[in-house]
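Visitor: sharing a model prediction with you, sequence too.
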Amino acid sequence: MSKSHLIGALSAAVFTVISMSSHAVGVSGQGTWETTLQGRDLDGNAATFEAYYDTVQDITWLADANYAYTSGYWLYSGGQMNWSTANAWAAALNPYGSGITGWRLPTTNPIDGTTADDATVSYIGTEDHGYNVSAPGTLFAGSTASEMAYMYYNTLGDKGYCNPTTSTVSSCSGPQAGWGLTNTGPFSNVQSNLYWSATEYAPITSNAWTFNFTFGLQGYNGNYISNNVGGYAWAVHAGNVGVVPVPAAVWLFGSGLLGLIGIARKKA
């Protein structure tokens, strides 16, 4: 498919996808999220999870993928903002009054170890720019160089518009069956749209890397876009942060044990 036809096809399909993905939920058996994401408490209520630790990427994701909007920080355009605003928001985060600071946007590193070819578009995941970055069955399958691409293609098991098996480096074969943001795992408010990366686009530093959760497309956008439009922001934190909930069975065992100790002391 030519690039002009591809753009037309994507434009025609976008409204359908946005409608579909707005109702996306956690799909059991799709992706690795059920075994690689661990819930973390940030607000003091152990019954709910405000973040998830990614055991593969060793980072913690906010459970709300549009927290800048739902927390009231940025109410323009449903939470879309420019790159500098997105970075500033993440850097200043103290989500849910948890006292945990040091949040950032996800990073985009070279999947093949170099930025010299970043302008090249690949439809089969062989370059940073394009579709199927780190997707199963590709040359760099399972690479965590791009934190958002890994989340989309591996953790959530979602599929890009271009089929990595039947496409070529320079030609997209699509749409492939089941493409789009069909699974959001345990996360809420994942937008079927562009998300900012923390990483500048090396060939043109007035741009920054983005990931499109509609099409599974990693690209770049001008980081100078006005404050009311641009991309969404999903905050992550290096390493494992937040409170690890204690299973109810452990609490019951602990309280029972304390009770036995108390009885033993009385008898003594």
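Guide: On my side now, so go ahead. Only a predicted model underlies this, so the values are computations on that prediction, with no experimental measurement involved. Numbering: from 1, shown residues only.
Visitor: any idea which helix or strand in this structure has the lowest mean pLDDT?
Guide: Within the chain, no helix or strand scores below helix 3-21, which has a mean of 37 by mean pLDDT, DSSP states H and E.
Visitor: double-check that Tyr150 belongs to a helix.
Guide: Yes. Counting by DSSP: H, G, I helix; E, B strand; the rest coil, Tyr150 is found in a helix.
Visitor: now Thr70. Nearest residue, chain neighbours left out?
Guide: Asp64 (5.7 Å; CB to CB, 6 or more residues apart in numbering). C-betas here are computed from N, CA, C, even on glycine.
Visitor: and the one you found, how many neighbours?
Guide: 20 (other CB atoms under 10 Å).
Visitor: got it, and Gly137?
Guide: By other CB under 10 Å, 12 other residues sit near Gly137.
Visitor: for Asn87, give me its contacts.
Guide: Shown in contact with Asn87 (CB atoms under 8 Å, 6 or more residues apart in numbering): 104-105, 196, 198.
Visitor: those residues in strands, which ones?
Guide: The strands, defined by DSSP state E, take in 196, 198 from these.
Visitor: hmm, which two among the contacts of Asn87 are most spread apart?
Guide: Pairwise distances across the contacts of Asn87 (CB to CB) peak at 10.9 Å, for the pair Arg104 and Trp196.
Visitor: quick one, which of those two is more surrounded?
Guide: The neighbour count for Arg104 versus Trp196, taken as other CB under 10 Å, is higher for Trp196 (29 against 15).
Visitor: tell me if I'm right that Ile207 and Gly219 touch.
Guide: Careful, residue 207 is Asn; it's not Ile. No. When contacts are counted by CB atoms under 8 Å, Asn207 is not listed as touching Gly219 (9.2 Å).
Visitor: fine by me, we can end here.
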